[in-house]
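Q: The amino acid sequence is not available; the structure is as follows:
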Ligand SMILES: NC(=O)c1ccc[n+]([C@@H]2O[C@H](COP(=O)([O-])OP(=O)(O)OC[C@H]3O[C@@H](n4cnc5c(N)ncnc54)[C@H](O)[C@@H]3O)[C@@H](O)[C@H]2O)c1
């Protein structure tokens, strides 16, 4: 089995990112990060039931480990769960040299990373992402955090893992809806940074949704590499990294409006992407490029949106943590492989476009 070894350089050092089928079994490469340490494994029952065996060889190298289960999905990113997790680590004798191991999707990783960022003012952590979305996006870049009912990811910190192990074999048990959700983030990164990846996704769409191991390994590596390049150029999101929020301005508002229950993160971002295509088309995005992206997103068959009010969503957009005193910065595709930041979109235009979007031709509408 061949593994890709990527590297993310950041202000606090660098993080190796291992990608490929069987990456978690490469204990020789990973041992230096865990040998002899006290490890706190943050995971959900859903993940550990299906995939615990994949983590065991690595954990055998720890001096001692404890499993700290957290709720599945977005429920894991409640402040109360974060508090409970830190208290369990304190009670179990967690020290400055303890290691947090995040084993799960993006929700588990964001929570585990935030606990590692803040417990005893910051301890090491290792991420073993188990969803497509987390392998291509959430585990890369050092963003950690939890949600408030008012706004998504609004309490958090930058804290990079020691190492990320993206074992694409774990994706074999992923439900197809989660593969679709991860594919949205792949389409996003391809749309803004890698036209060749977009062509690959169009060609291999069926095999990706069928969890074809070789296609997944290749696409995860390409998407991760594209994200790494952008994060390295702007680690703390002062400028270019904001492009990664393509589709997230409306996406986060949709998630919060649905109380983080009715839509998966990728599904909400999928709608966010469809929405910005409309805004971008009237600002120069070629129709053919918009058509290609729309066509790909429509092949995903996003679930129908529940009834939502445009006014409420606009308020939520304005509350998002990404909004500065100068207003909302939108990320609009300029053409395939390129996007730009736009901060002068009149809110009235956004509201009117959103009313049309929610009311008429969105995919998934019964
Ligand atoms: N930190 C970042 O930079 C960043 C970037 C993008 C997204 N995110 C966050 O990531 C989260 C979404 O992550 P997600 O899509 O991975 O969702 P998730 O963590 O909720 O996982 C989705 C579902 O997949 C199940 N699952 C996980 N691994 C599995 C496996 N191998 N087999 C079978 N089932 C499995 C989980 O039990 C869960 O029910 C959101 O909270 C989002 O805000 C963070």
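A: That came in fine, so what should we check first? Quick caveat: nothing in here was measured; it's all calculated off a predicted structure. Residues are numbered from 1 along each chain as shown.
Q: what about stretch 314-333, start to end distance?
A: 20 Å (Cα to Cα, to the nearest Å).
Q: now swap in stretch 2-21 and tell me
A: Start-to-end, stretch 2-21 (Cα to Cα) is 8 Å.
Q: can you list the residues that contact that stretch?
A: 1, 22-23, 26, 29-30, 135, 139-142, 160-169, 213, 217, 220-221, 224-225, 228, 231-232, 235-236 (Cβ atoms under 8 Å, 6 or more residues apart in numbering). The way it works is simple: take the backbone N, C-alpha and C, and place the C-beta from them, glycine included.
Q: So residue 84 lies in a helix, does it not?
A: Yes - according to DSSP: H, G, I helix; E, B strand; the rest coil, residue 84 belongs to a helix.
Q: and the stretch 1-150 of the chain, which residues reach the ligand?
A: Remark: the part of the stretch 1-150 of the chain in contact with the ligand comprises 44, 46-47, 50-51, 72-74, 77, 104-108, 110, 130-131, 133-134, 137-138, 141, 143, using Cβ under 6 Å from any ligand atom.
Q: Which among the residues you listed count as buried?
A: Buried subset of these (neighbour count, 16 or more other Cβ atoms under 10 Å): 44, 46-47, 51, 72-74, 77, 104-108, 110, 130-131, 133-134, 137-138, 141, 143.
Q: if we can go back for a sec, sort out for me which of the residues of the stretch 1-150 of the chain next to the ligand are in helices.
A: Those of those mapping onto helices are 46, 47, 50, 51, 106, 107, 108, 110, 133, per DSSP state H.
Q: Out of these, which is nearest to the ligand?
A: residue 106 (2.2 Å; Cβ to the nearest ligand atom).
Q: Could I get the pLDDT score of residue 326?
A: Here the pLDDT value assigned to residue 326 is 59.
Q: Show me where the stretch 201-350 of the chain has its strands.
A: In the stretch 201-350 of the chain, the segments counted as strands under DSSP state E, counting those that start in this stretch are 330-335, 338-342.
Q: most tightly surrounded among these?
A: strand 330-335 (a mean of 21; mean count of other Cβ atoms under 10 Å).
Q: and that one, what other elements does it pack with?
A: helix 176-193, helix 248-257, helix 265-281, helix 287-299, strand 338-342 (3 or more Cβ pairs under 8 Å, 6 or more residues apart in numbering; DSSP states H and E).
Q: and those as JSON lines, adding mean pLDDT and distance to the ligand?
A: Shown next, in JSON lines, are the helices and strands packed on strand 330-335 (pLDDT from 0 to 100; distance: least, Cβ to the nearest ligand atom, whole Å):
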{"stretch": "helix 176-193", "mean pLDDT": "97", "distance to the ligand": "5"}
{"stretch": "helix 248-257", "mean pLDDT": "95", "distance to the ligand": "8"}
{"stretch": "helix 265-281", "mean pLDDT": "97", "distance to the ligand": "4"}
{"stretch": "helix 287-299", "mean pLDDT": "98", "distance to the ligand": "17"}
{"stretch": "strand 338-342", "mean pLDDT": "97", "distance to the ligand": "16"}
